[in-house]
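Undergrad: Only the shape, not the letters, is given here:
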């Protein structure tokens, strides 16, 4: 017998270590299914950093407007200026997203947002900010945000295989709401220690980091692009007809609009709420906003680890009803401490409803229409709270902020009754999976 070992024999692989087994287990469950993909994990990590900057800038704009005017109505006007810009820009951006390379568009729009933050920082630090100039700056930033949001929402599903799409959406939402918790604390620290102008410097820096990351990632799968033989208005109307003509997606969009108009608009008025009602200053603003963020993060983690779509329509409607009750408690809070707790409840419920709706939507729309449909979702998601804040802020100047919030919530309950009648149609989305 030849004593020499058989070189063609395959040596047994070493047994996996405990850490390797743990990593394999985590990578096959829940959000880990998305994070095991390098392209997506880079996008999510740096996106989280830039979203912290986004929240820092949003609170910086709120606090600057409140400092300059001390008016609920002006807070609403600033929010409305952004909303109108988003309504105009986002549908056009959705068409572009469905026609061009989504990664290329993401790079271009993120660069534009970085430039906007630099301009805002320059104006504020030079001491030349006025309410009117702030409106112009917000319109400029809103246009950049309106281009970025459809690109981000359409690009994310292209960074993971379809089987891991729900997990990827869960990761994105979880990190967004984690930044909603961390961002206000960072904003409060920057504003109180260094001044509100440096909030915009911080945001520009986070955008620069994200832009650098975008140079290194690639899409792992492509979706069919829209042929460019039709005009932009034709493509926009095509996406709108698809949404309005779909028996289940139309009421789902209506649910998202109700959430945004009536239940998320309080976030745009937090500077006046914290300082005007409780005299808590920038630190109070940061505390209430962070309370909302921790509630939102909790809900995002729940949905992210829920790997199915079944039951999400019920979760959506139940969260909306409880959210209305919680918002009345938030409006009538007797102290800043109770307000922070109520804000956490609001953040939890509005995120539970919003994420349930978005997961159902993303799983049901065809890939070639994703940019246009998600741009319409983005219009209500980003513009809805601002429009609601404008109405509430205007009413608050005459009747008080507490009364304005309660009145808006009562209107919401009337609209919710109509939506509940469509719950059977919403359930059909739980079993739909579009290519």
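TA: Everything's here; your move. Quick caveat, the model's predicted, so the values are computed rather than measured.
Undergrad: Can you show me the strands along this structure?
TA: Counting by DSSP state E, one finds no strands in the chain.
Undergrad: Grab the most central residue of it for me.
TA: Compute the mean C-alpha point of the chain, and by C-alpha atoms, centre = their mean the closest residue is residue 176, 6.3 Å away.
Undergrad: Show the contacting residues for that residue.
TA: Neighbour list for residue 176: 48, 51, 300 [criterion: C-beta atoms under 8 Å, 6 or more residues apart in numbering]. From N, CA and C alone the C-beta is placed, and that goes for glycine too.
Undergrad: Counting neighbours, which of these comes out on top?
TA: Each of the contacts of residue 176 was scored for neighbours by other C-beta atoms under 10 Å, and residue 300 scores highest at 28 neighbours.
Undergrad: May I see the buried residues of stretch 341-360?
TA: Buried residues in stretch 341-360, counting neighbours by 16 or more other C-beta atoms under 10 Å, are found at 341-360.
Undergrad: what about that stretch, average pLDDT?
TA: Stretch 341-360 shows an average pLDDT of 91 in the prediction.
Undergrad: starting at the chain centroid, how far to it?
TA: Using C-alpha atoms, centre = their mean, to the nearest Å, the distance from the centre of stretch 341-360 to the centre of the chain it belongs to is 11 Å.
Undergrad: Confidence-wise, which of the contacts of residue 176 comes last?
TA: Sorting the contacts of residue 176 by confidence puts residue 300 at the bottom, with a pLDDT of 81.
Undergrad: Just the pLDDT for residue 225.
TA: Residue-level pLDDT assigned to residue 225 equals 55.
Undergrad: Spit out the contact partners of residue 47.
TA: Listed by C-beta under 8 Å, 6+ apart, the contact set of residue 47 reads 152, 172, 175, 210.
Undergrad: Among those residues, find me the one that's closest to residue 255.
TA: Proximity of the contacts of residue 47 to residue 255, judged by C-beta to C-beta, is greatest for residue 172, which lies at 19.8 Å.
Undergrad: where does the protein dip in pLDDT?
TA: Low-confidence regions of the chain, defined by pLDDT under 70, span residues 1-30, 220-232, 307, 432-435.
Undergrad: if you set the cut-off to 50 instead, what comes out?
TA: For the chain, applying pLDDT under 50 flags the ranges 1, 5-11, 13, 19, 22-23, 25-28, 435.
Undergrad: and the longest helix for the protein?
TA: Ranked by residue count, the top helix of the chain under DSSP state H comes out as helix 38-69.
Undergrad: Residue 239 touches residue 374, doesn't it?
TA: No - Residue 239 sits out of contact with residue 374 when judged by C-beta atoms under 8 Å, with a separation of 9.4 Å.
Undergrad: who has more neighbours, those two?
TA: Set side by side, residue 239 and residue 374 give different neighbour counts by other C-beta under 10 Å, the larger being at residue 374 (29 against 24).
Undergrad: burial measure for the nearest residue to that one once chain neighbours are set aside, as a count.
TA: With C-beta to C-beta, 6 or more residues apart in numbering as the measure, residue 153 is the residue that lies nearest to residue 374, at 4.2 Å, once sequence neighbours are left out. Summarising burial for residue 153: neighbours were counted as other C-beta under 10 Å, giving 25.
Undergrad: dump the residue contacts of residue 153.
TA: If a contact means C-beta under 8 Å, 6+ apart, then residue 153 has 370, 374, 377-378 as its contacts.
Undergrad: Closest one of those to residue 252?
TA: Proximity of those to residue 252 was ranked by C-beta to C-beta; the top entry is residue 377 with 9.1 Å.
Undergrad: and that closest one, how far is that from residue 266?
TA: Distance, residue 377 to residue 266, by C-beta to C-beta, to the nearest Å: 21 Å.
Undergrad: one step back: filter the contacts of residue 153 down to just the ones in helices.
TA: Of these, the ones assigned to helices by DSSP H are 370, 374, 377-378.
Undergrad: and which of these is nearest residue 82?
TA: residue 378 (12.7 Å).
Undergrad: And the closest one, how far from residue 90?
TA: With the distance defined as C-beta to C-beta, residue 378 ends up 5 Å from residue 90.
Undergrad: So between those two, which is more surrounded?
TA: residue 90 (28 against 25).
Undergrad: residue contacts, residue 129?
TA: Taking C-beta under 8 Å, 6+ apart, we find residue 129 in contact with 64, 68, 123.
Undergrad: So the residue nearest to the first one when sequence neighbours are not counted versus residue 344, what's the distance?
TA: Read that as residue 64. Spatially, and ignoring its direct neighbours in sequence, residue 64 is nearest to residue 196 (5.1 Å; C-beta to C-beta, 6+ apart). Noted for residue 196: a distance of 25 Å to residue 344, by C-beta to C-beta.
Undergrad: for residue 265, same thing?
TA: 17 Å.
Undergrad: Please apply the same query to residue 210.
TA: Residue 210 is 28 Å from residue 344, by C-beta to C-beta.
Undergrad: Likewise for residue 192?
TA: In this view, residue 192 and residue 344 are 22 Å apart by C-beta to C-beta.
Undergrad: And for residue 429?
TA: Residue 429 sits 29 Å away from residue 344, taking C-beta to C-beta as the criterion.
Undergrad: cool, and residue 233?
TA: Residue 233 is 43 Å from residue 344, by C-beta to C-beta.
Undergrad: Could you do residue 415 as well?
TA: Between residue 415 and residue 344 the computed distance is 25 Å (C-beta to C-beta).
Undergrad: now residue 42
TA: Counting by C-beta to C-beta - residue 42 and residue 344 are separated by 31 Å.
Undergrad: And for residue 374?
TA: Here the distance between residue 374 and residue 344 works out to 28 Å (C-beta to C-beta).
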